[in-house]
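K.L.:
quick one: sequence plus predicted model below, questions after.
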Amino acid sequence: MARSSTPPLPLHEIEVPVPSGLSPFAIGTFDEIGSFTRARFPHRHDFYEVLYLTGGGGVHVVDFEPYDIEPNSVYVLAPGQVHFWQDTEQIRGRVLVFAEEFLLAHPGGLLPAPGGSPLVRLRGDQVGLVDGILDDIDREYRAREPGYATMLQAHLHILLVHIQRLRRAHPSVPVSSSLVWRFTRLVAKHVLTERSVGAYAERIGVTAGHLTDLVRAALGTTPGAVIRAALALEAKRLLAQTDLTVVQIAHRLAFDDPSYFGRFFKRETGASPGDFRRDIREKYQIARER
């Protein structure tokens with residue numbers, strides 16, 4: 001997969017061999033997929049990642065939000081999200097990674113909107129359901145019989161549909177429409193260069209007013225708020241895991257006036273850039289030397 005144009009956070013690419021003719025896709029245990037699957041330092045991926053935890057303890061931190069590690073937990077991480085593990089014990093489970101182009105057509109709404117919760121806790125029969133689908137995917141991936149790529153796409157689509165249904169069972173987890181998903185993905189990719197609601201609406205093919213109605217209905221907020229939140233999140237990532245000065249980060253985020261960046265960041269997060277950097281590094285003991 002192509003590398004992102006926005007390091008310097010460590011970027012993990014799929015490390016396992018990919019079968020000839022198969023767009024980047026892999027499934028396996030944490031050990032099989034690669035060392036980054038248990039990385040204790042903040043890093044980001046250039047692919048989607050589904051983590052199914054069956055055992056272990058500690059904390060999984062995704063975009064600086066901590067989640068207690070529990071069995072029967074599913075995380076769906078989008079490209080560019082930052083995550084790491086803290087105080088972990090014997091993490092067990094499966095890792096499934098894939099590129100966006102591997103999905104069947106029109107995946108919008110099946111994947112979590114950037115900024116939403118990445119976590120679904122499985123209960124009762126849900127455990128066997130997800131286990132069974134992952135077993136099917138694993139068998140197809142390892143056997144590689146004729147037509148296996150199509151089978152993998154179909155099983156992956158089914159898995160994502162079921163995860164989305166489980167999200168709908170949790171009212172606290174926003175569920176986005178296809179157009180809203182496209183909007184949030186575009187914002188995540190282009191927020192450093194484009195911050196106009198009208199420009200995003202034009203890309204999607206709707207009016208700014210219609211986009212506002214869709215985002216309000218799906219996420220309970222406005223398109224402008226989604227753009228500001230994405231910008232603040234990227235600022236958090238750079239403050240936490242780089243040695244760039246606040247002025248340098250302001251310029252990287254296309255703020256001409258560093259003082260305005262400081263006011264923007266405090267308004268969005270409740271803390272100054274310097275206070276956030278100090279507190280987040282102390283909270284998670286983020287190492288500066290690796």
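P.N.:
It's in.

K.L.:
assign a three-state SS to residue 76, would you?
P.N.:
Three-state assignment for residue 76 (DSSP: H, G, I helix; E, B strand; the rest coil): strand.

K.L.:
just checking, what packs against the longest strand belonging to the chain?
P.N.:
Counting residues, the longest strand found in the chain (DSSP state E) is strand 82-98. The helices and strands touching strand 82-98, judged by 3 or more C-beta pairs under 8 Å, 6 or more residues apart in numbering; DSSP states H and E, are strand 25-29, helix 30-33, strand 43-45, strand 48-62, helix 125-143, helix 148-168, helix 223-241. Bear in mind the C-beta positions are built from the backbone N, C-alpha and C, glycine included.

K.L.:
how about CSV for these, with mean pLDDT added?
P.N.:
Shown next, in CSV, are those (pLDDT from 0 to 100):
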stretch, mean pLDDT
strand 25-29, 92
helix 30-33, 87
strand 43-45, 83
strand 48-62, 93
helix 125-143, 95
helix 148-168, 89
helix 223-241, 92
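
K.L.:
quick one on the thing from earlier: next secondary structure after the longest strand of the chain?
P.N.:
Next helix or strand after strand 82-98 toward the C-terminus (DSSP states H and E): strand 119-121.

K.L.:
tell me how far residue 74 lies from residue 178.
P.N.:
In this structure, residue 74 and residue 178 are 21 Å apart, going by C-beta to C-beta, to the nearest Å.

K.L.:
who has more neighbours out of the two?
P.N.:
Legend: neighbour count by other C-beta atoms under 10 Å for residue 74 and residue 178, higher for residue 74 (24 against 15).

K.L.:
how about the contacts made by the more buried one?
P.N.:
Applying C-beta atoms under 8 Å, 6 or more residues apart in numbering, we find residue 74 in contact with 50-53, 119-122, 130, 163, 166.

K.L.:
looking at the residues you listed, spot the one nearest residue 224.
P.N.:
When the contacts of residue 74 are compared for distance to residue 224 (C-beta to C-beta), residue 119 wins out at 26.7 Å.

K.L.:
thought that closest one was touching residue 73?
P.N.:
Yes: distance between residue 119 and residue 73: 6.3 Å, which falls inside the contact criterion (C-beta atoms under 8 Å).

K.L.:
mutual contacts of these two, please.
P.N.:
Shared contacts of residue 119 and residue 73, counting by C-beta under 8 Å, 6+ apart, come down to residue 67.

K.L.:
circling back to that earlier point, starting at the chain centroid, how far to the longest strand of the chain?
P.N.:
14 Å (C-alpha atoms, centre = their mean, to the nearest Å).

K.L.:
paired strands for that strand, with orientation please.
P.N.:
If you go by DSSP bridges, strand 82-98 pairs up with strand 25-29 (antiparallel), strand 43-45 (antiparallel), strand 48-62 (antiparallel).

K.L.:
who wins for proximity to residue 153 among the ones you listed?
P.N.:
Taking the strands paired with strand 82-98 one by one with C-beta to C-beta, strand 25-29 is closest: 8.7 Å.

K.L.:
buried residues in the closest one?
P.N.:
Within strand 25-29, the residues scored as buried using 16 or more other C-beta atoms under 10 Å are 25-28.

K.L.:
got it, and stretch 268-278?
P.N.:
Neighbour counts over stretch 268-278 (16+ other C-beta under 10 Å) mark 268-269, 271, 273, 276-277 as buried.

K.L.:
possible to save the residues you listed as a markdown table with pLDDT?
P.N.:
Output for the buried residues of stretch 268-278, formatted as a markdown table (pLDDT from 0 to 100):
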| residue | pLDDT |
| --- | --- |
| 268 | 96 |
| 269 | 95 |
| 271 | 96 |
| 273 | 96 |
| 276 | 94 |
| 277 | 93 |
